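# coordinates only, no sequence provided:
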Ligand SMILES: Nc1ncnc2c1ncn2[C@@H]1O[C@H](COP(=O)(O)OP(=O)(O)OP(=O)(O)O)[C@@H](O)[C@H]1O
C-alpha cells in the first residue's frame, strides 16, 4: 500500500506570465497532519487547488492518493474532503437541505457525526444560506467537506472566520480524525497556535516554494534563540554557525539559529567568558525568524 497521500516534485504553476508556484516539493505521509504556513500570496491556496485538480499544473508532477490530480477518479475524489477558503453555496437553500443534498453524493456519509457537529456548532437547520454569517458559513463548509469521513482532508484556512469556541471545537474534531493513522490532513493557516496543537508536520511556504518541510517537533528542537552576555564588548561581527539573525549590542548578542551547535556554544562561553542562554521558540517566532532571514 502506498504510504504517501500527496507527492509533488518540482510543481510549477503560472497564471499567464506570472509564475506563482516555482518548484514545490512536498510529500505528505499517511497519518500525517501537515500545517501549511506562509505569508499572504505565498501560493498556499494555489498549491491546494493544484492538488485537487481545480487548477492544472504548468510543469513538474503531482500525485494525490496515487493519482494525477487533473484526472482524479471518482473513487479517489470520494476519499478526499476539501474545504475551500471561501465557501460558495446556493443562497436560496436551507442548511438542512444543503447537508442532505451533499450527503446524497456519498454512500459513506456519517449522518450521526454531522448532526452532532451541527448541534455543537449551533447551526440552525432551517436557516437560509443567504442569512448565514461568514463564520457560520465556514462551519457549514467544514461539515460539508468532512461529513463523508474522507481519508485525506484538505482544508484551506479552516479556522480563519471561526470564533474561539468554533476553533476549539474544530481542533477537537481534527484531533479525533488524526487519531486514526489511516487519515491525513493538510491544512493551511495563519494561526500558528492552532498548528502547534494539532500538526505532526509543518510546511513553510515562501514565494512559491516550500522553504521547510519536516516534523514540527524537529523544527522546534532545532531553531533556537541564543542570548550571549559577556563581561567585555563582543566583536561587531560576532556570529554563530547557522545563524538566521544576529543582533550585537555592546556586551550582549541575540542570535537566532536554524540548528543549534552545542559544541560551538561551549566555545563561545569559554572564549568570551560569557553566559549563554538558549531560548525555546514558539512556532510563530520560528516562522518570523525564518521569514526575516530570507
Ligand atoms: N486565478 C489567478 N490568476 C492570477 N493570479 C492568481 C490567481 N490565483 C492566485 N493568483 C496569484 O497567486 C499568488 C498566490 O495566491 P494564493 O491565493 O495561492 O496565496 P496564499 O498563500 O493562499 O495567500 P493567503 O495567505 O493570502 O490566502 C497571488 O499573488 C495571487 O494574486
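Looks like it arrived, so ask away. Keep in mind that what you see is a predicted model, and the values were worked out from it rather than measured.
# where along the stretch 51-200 of the chain do the strands fall?
Counting by DSSP state E, counting those that start in this stretch, the stretch 51-200 of the chain has strands at residues 59-64, 80-83, 152-156, 184-188.
# distance between the ends of stretch 46-59?
14 Å (C-alpha to C-alpha, to the nearest Å).
# sorry, back to before: mind checking which of the strands of the stretch 51-200 of the chain is nearest the ligand?
strand 184-188 (6.4 Å; C-beta to the nearest ligand atom). Heads up, the C-betas are built off the backbone N, CA and C, glycines and all.
# elements contacting that closest one?
strand 4-15, strand 18-29, strand 33-38, helix 44-51, strand 152-156, helix 164-178 (3 or more C-beta pairs under 8 Å, 6 or more residues apart in numbering; DSSP states H and E).
# try it again with 6 Å
Secondary-structure packing of strand 184-188 (3 or more C-beta pairs under 6 Å, 6 or more residues apart in numbering; DSSP states H and E): strand 33-38, strand 152-156.
# can I get those in a markdown table with distance to the ligand, mean pLDDT and mean neighbour count?
Formatted as a markdown table, the helices and strands packed on strand 184-188 follow (distance: least, C-beta to the nearest ligand atom, whole Å; pLDDT from 0 to 100; neighbours: other C-beta atoms under 10 Å):
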| stretch | distance to the ligand | mean pLDDT | mean neighbour count |
| --- | --- | --- | --- |
| strand 33-38 | 5 | 95 | 25 |
| strand 152-156 | 7 | 95 | 24 |
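# right, so of those strands, which gets closest to residue 265?
Residue 265 sits nearest to strand 33-38 of all the helices and strands packed on strand 184-188, at 27.7 Å, using C-beta to C-beta.
# which secondary structure elements does the closest one contact?
So strand 33-38, by 3+ C-beta pairs under 6 Å, 6+ apart, packs with strand 184-188, strand 201-206.
# what lines up beside it in the sheet?
Sheet pairing for strand 33-38, assigned by DSSP bridges, gives strand 184-188 (parallel), strand 201-206 (parallel).
# how many degrees apart are the first one and strand 18-29 in direction?
On the basis of axes from the mean of the first three to the mean of the last three C-alpha atoms, to 10 degrees, strand 184-188 is oriented at 150 degrees to strand 18-29.
# now the strands paired with strand 33-38 in a markdown table, with mean pLDDT, distance to residue 226 and mean neighbour count?
A markdown table is the format used below for those (pLDDT from 0 to 100; distance: least, C-beta to C-beta, whole Å; neighbours: other C-beta atoms under 10 Å):
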| stretch | mean pLDDT | distance to residue 226 | mean neighbour count |
| --- | --- | --- | --- |
| strand 184-188 | 95 | 31 | 26 |
| strand 201-206 | 94 | 21 | 22 |
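# make a markdown table out of those and add distance to the ligand.
Listed next are the strands paired with strand 33-38 as a markdown table, based on distance: least, C-beta to the nearest ligand atom, whole Å:
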| stretch | distance to the ligand |
| --- | --- |
| strand 184-188 | 6 |
| strand 201-206 | 7 |
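# distance to residue 57 added to those strands, as CSV?
As requested, those are arranged in CSV below (distance: least, C-beta to C-beta, whole Å):
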stretch, distance to residue 57
strand 184-188, 16
strand 201-206, 16
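# among the ones you listed, which is nearest residue 21?
Per C-beta to C-beta, nearest to residue 21 of the strands paired with strand 33-38: strand 201-206, 9.2 Å.
# what angle separates that closest one from helix 44-51?
Using the same axes, to 10 degrees, strand 201-206 lies at 110 degrees relative to helix 44-51.
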